[in-house]
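Colleague: pasting the sequence and the predicted model now:
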Amino acid sequence: AQSVTQLDSQVPVFEEAPVELRCNYSSSVSVYLFWYVQYPNQGLQLLLKYLSGSTLVKGINGFEAEFNKSQTSFHLRKPSVHISDTAEYFCAVSDHTNFGNEKLTFGTGTRLTIIP
Amino acid sequence: DAEITQSPRHKITETGRQVTLACHQTWNHNNMFWYRQDLGHGLRLIHYSYGVQDTNKGEVSDGYSVSRSNTEDLPLTLESAASSQTSVYFCASSEVSASGQYTQYFGPGTRLTVL
C-alpha cells in the first residue's frame, strides 16, 4: 500500500513570486506520481505526471515537479505565480505492479492562494 | 469531444433514502472509479471497476454500491443515506495510451447533502 503526505494545507504567495508545494510519498514498490489541480467548483485536472525517465517533469501552466527517489518526494514548483493559479493542488501516487489498472492514492491537498 | 459527465450536479436528500449518482464517459475506457472529497481527507476511493461486470471495493466502500452493465456507465448507489455521506463525489475513468502513458480523467463532481 502507498500513502501521500502534503505537509502544507494552505500556502499564500504574492503574485509573481515563486512557489513550491511539497509532496512526500511512501511505497514499497515503484510508483507513478501525479499532480492535479482543482479550481473552485470544478473537477480535477491533470497538471503533470511522472511515469519514468527524466526526473524533472514539466506540466501545463508553467508548473514543473522533480521526482526524488532517495527523499521519496515529488515537489511542485512554479517560478512566478499568477492570480489564476489560485486553486487546490493534489498530489497522487499509484504503484504500477498491475500495469493498466492503477489506482490513485491522493494527498489531502494544498490550497494555494495568490495575493495581489 | 469525448468526456465524462456526472448527474445530478447537486442533490439534497434525507437520511435513510436511497440515492443514485450517475457517471457516464464517452472515451470507452475500461477503468472507472468513484471518489469522495472531504475537507482534510483529500479524495478517497469508494469503488472501482476494471470492466463490464467487474466491481471492487475501495478504501471507504461501506454504505455504497456500484454496478457495471456497460462500458460507459458506473452508477454509485447509497443504499440508505447517512449524514456522514454528505460530500462531493467525483467519478473518474482512466486509460493507458499506446505509448504506455497512464492518465486518469475526472468528472465535474456531484455535491450531495444528506439532511
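Modeller: Perfect, thanks for sending it. Treat the numbers as computed from the prediction; the structure is a model and nothing was measured.
Colleague: going by C-alpha atoms from here, please, whenever you check contacts or count neighbours.
Modeller: Fine.
Colleague: who are the contact partners of the most centrally placed residue in chain B?
Modeller: Central residue of chain B (C-alpha atoms, centre = their mean): B:W34, 2.7 Å from the mean position. Residues in contact with B:W34 (C-alpha atoms under 8 Å, 6 or more residues apart in numbering or on different chains) are B:L45, B:I46, B:H47, B:Y48, B:L76, B:Y89, B:F90, B:C91, B:A92.
Colleague: any idea which element the second one lies in?
Modeller: Element membership of B:I46, judged by DSSP states H and E, is strand B:42-51.
Colleague: figure out how far that strand is from the centre of its chain.
Modeller: 7 Å (C-alpha atoms, centre = their mean, to the nearest Å).
Colleague: just the pLDDT for the residue nearest to the centre of chain B.
Modeller: Looking at B:W34, its pLDDT is 97.
Colleague: what do you get for A:G100?
Modeller: In this model, A:G100 is scored at 67, pLDDT.
Colleague: what's the answer for B:A2, then?
Modeller: 63.
Colleague: same thing with A:N41?
Modeller: 83.
Colleague: give the helix, strand or coil label for it.
Modeller: Classification of A:N41 using DSSP: H, G, I helix; E, B strand; the rest coil returns coil.
Colleague: for it, give its distance to B:S65.
Modeller: In this view, A:N41 and B:S65 are 25 Å apart by C-alpha to C-alpha, to the nearest Å.
Colleague: so between those two, which is more surrounded?
Modeller: B:S65 (17 against 9; other C-alpha atoms under 10 Å in any protein chain shown).
Colleague: check the offset of stretch B:29-47 from the chain's centre.
Modeller: For stretch B:29-47, the distance to the chain centre is 7 Å (C-alpha atoms, centre = their mean).
Colleague: same question for stretch B:97-114.
Modeller: 9 Å.
Colleague: and it, what's buried?
Modeller: For stretch B:97-114, a neighbour-count test (16 or more other C-alpha atoms under 10 Å in any protein chain shown) marks B:102-114 as buried.
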